[in-house]
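In: just a sequence and a predicted model for now, questions to come.
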Amino acid sequence: MDVDATRSSQLAAALARVAGGDRAALRLVYQDTSAKLFGVCLRMLKDRSEAEDVLQDVYVTVWRKAASFDPARASPITWMVAITRNRAIDRLRARAAGGRLEPIEAADVVRDPAPAALERVELAQQQQRLARCLEELEARQATAVRAAFFDGATYEELAARMNVPLGTMKSWIRRSLLKLRACLER
Amino acid sequence: MSDNDTIDPANGGKVIAAEYVLGVLGAEERREFERRLPREPALAAEVAFWEERLGVLADAVAPVAPPPHTWSQIEAAIQSPEAVRRTSLWQSLAFWRVFGVASATLAAASIAALVYIGLVPATRAPLMATLSGSGGQPNVVATVTGNNLLVVPASLLTNDPRAIELWLILPGPGQRPHSLGLIEPGQAMRLEIPPDLTARLTPEATLAISLEPPGGSPTGQPTGPVIASGKLTRL
């Protein structure tokens, strides 16, 4: 855990240097985080060249916005994952209508394998809490929430993929989010 | 039934933050929501909550090393003038680096130039401070002449929804910060220092800026993080 706490504070320190215009520091940030963020881009976009574009965009954004990163508010990696997901979602929305709507496979319902970074105690606790809260949802609704997160799919896409009316999907997701909110705050 | 019937209106306003983070909103709804964010700190806090809590899901995604050429493309992108041009001159760190304002001496010289050209009334020898954050870069340059305070924000976080409040801490033990007012990122402005403070103002007093709820600190003392500070010196 100390190793990761150190890593996180090193990352925060590197971001502070990036805010001061230090390119070498951006390189450090890139070396430390690009594989994780590229994984997220690929998972969401399912297209290598688009994922590369978005990854580039993410680090240019980090370069420009590093001064707005507030370590008191978020961990560096949370901040960067949020930027990555937002960029990927924007890219998904920009794709021409009629994109591939893949059915949600049974594999998606299966819980993802235990993360490699489980030694990160604090993170692990948060993951466990989220996993526990997701378990309290009905199975299909939890699946919809996870599909939304990993695929950045709109309500319409989720409804089509899971073959339920749009209103039902909205209701599922919104109720799930409210339940999650209550559970995460417990 | 309408799918909204079951949503508690008190929560309904906030659910959109979760929907935004989860990624179910359409392009237009996303833009619209993002426009609201800087003005609605409660929504921004809700976004932060969900980014923190849902973000851990991303840890389950297997890391994949990007191709080697990606880094060189990023390097090229951040060197292009385009990357600099998107920020205004005041906020552009490149501008401040190029003109060497990173050193307090040069900042003093530029304030002296302001005095010379008459922007700062030169009735009394002015005091000057360069406020820096943990990164060391100058965030704000301030000069005090009499009860007149001229604040020039050089590089301040601009997309943070919180208000930026300026504080004066007089030298000496046990001094509490006095609020001098709110400042705007990227906007030079003049503030008036209350007469009782002006009378006690000496070099070694500290100026600091903190992030506060809209409208400023509700308590009269800093409540948010102090993002930059600096001591006044004689010019």
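Out: Okay, I see it.
In: show me what contacts the residue lying closest to A:V29 once chain neighbours are set aside?
Out: Nearest residue to A:V29, sequence neighbours excluded (CB to CB, 6 or more residues apart in numbering or on different chains): A:A14, at 5.0 Å. The C-beta positions use only the backbone N, C-alpha and C, and glycine is treated the same way. A:A14 makes contact with A:25-26, A:28-29, A:32, according to CB atoms under 8 Å, 6 or more residues apart in numbering or on different chains.
In: rerun at 6 Å
Out: Going by CB atoms under 6 Å, 6 or more residues apart in numbering or on different chains, A:A14 touches A:25, A:28-29.
In: with secondary structure and distance to A:L92 as added columns, please give those in CSV.
Out: Output for the contacts of A:A14, formatted as CSV (DSSP: H, G, I helix; E, B strand; the rest coil; distance: CB to CB, whole Å):
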residue, secondary structure, distance to A:L92
A:A25, helix, 30
A:L28, helix, 30
A:V29, helix, 25
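In: closest to B:L180 among those residues?
Out: Nearest to B:L180 out of the contacts of A:A14 is A:A25 (CB to CB; 32.7 Å).
In: gap between the closest one and A:V81?
Out: 19 Å (CB to CB, to the nearest Å).
In: who's more crowded, those two?
Out: Applying other CB atoms under 10 Å in any protein chain shown to A:A25 and A:V81 shows that A:V81 carries more neighbours, namely 26 against 20.
In: what strand or helix carries that one?
Out: helix A:76-94 (DSSP states H and E).
In: what is the least confident helix or strand in chain A?
Out: When each helix and strand of chain A is scored by mean pLDDT, DSSP states H and E, helix A:106-109 comes last, with a mean of 36.
In: tell me the helix or strand right after that one.
Out: According to DSSP H and E, the helix or strand after helix A:106-109 is helix A:121-135.
In: buried sites along that next one?
Out: A:123-124, A:126-127, A:130, A:133-134 (16 or more other CB atoms under 10 Å in any protein chain shown).
In: and these near chain B, which?
Out: Restricting the buried residues of helix A:121-135 to those near chain B by CB under 6 Å from any CB of the partner chain leaves A:126-127, A:130.
In: circling back to that earlier point, name the residues of the helix or strand harbouring the residue nearest to A:V29 that come out as buried.
Out: Take DSSP H and E as the rule and A:A14 turns out to sit in helix A:2-19. Using 16+ other CB under 10 Å as the test for burial, helix A:2-19 gives A:4, A:8, A:11-19.
In: report the angle between that helix and helix A:121-135.
Out: On the basis of axes from the mean of the first three to the mean of the last three CA atoms, to 10 degrees, helix A:2-19 is oriented at 100 degrees to helix A:121-135.
In: between helix A:2-19 and helix A:76-94, how many degrees?
Out: 60 degrees.
In: CA atoms only for helix A:2-19 - export them in CSV, please.
Out: Extracted as CSV, the C-alpha positions of helix A:2-19 are listed here (Å, rounded to 0.1, in the frame of the first residue of the first chain):
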residue,chain,number,x,y,z
ASP,A,2,2.8,2.4,0.8
VAL,A,3,4.3,1.6,-2.6
ASP,A,4,1.1,2.8,-4.2
ALA,A,5,0.6,5.7,-1.9
THR,A,6,4.2,6.8,-2.9
ARG,A,7,3.4,6.2,-6.5
SER,A,8,0.3,8.3,-6.3
SER,A,9,2.1,11.2,-4.6
GLN,A,10,4.9,10.9,-7.2
LEU,A,11,2.3,11.2,-9.9
ALA,A,12,0.7,14.2,-8.2
ALA,A,13,4.2,15.8,-7.9
ALA,A,14,4.8,15.1,-11.6
LEU,A,15,1.5,16.7,-12.5
ALA,A,16,2.4,19.8,-10.5
ARG,A,17,5.6,20.0,-12.6
VAL,A,18,3.5,19.5,-15.8
ALA,A,19,1.4,22.5,-14.7
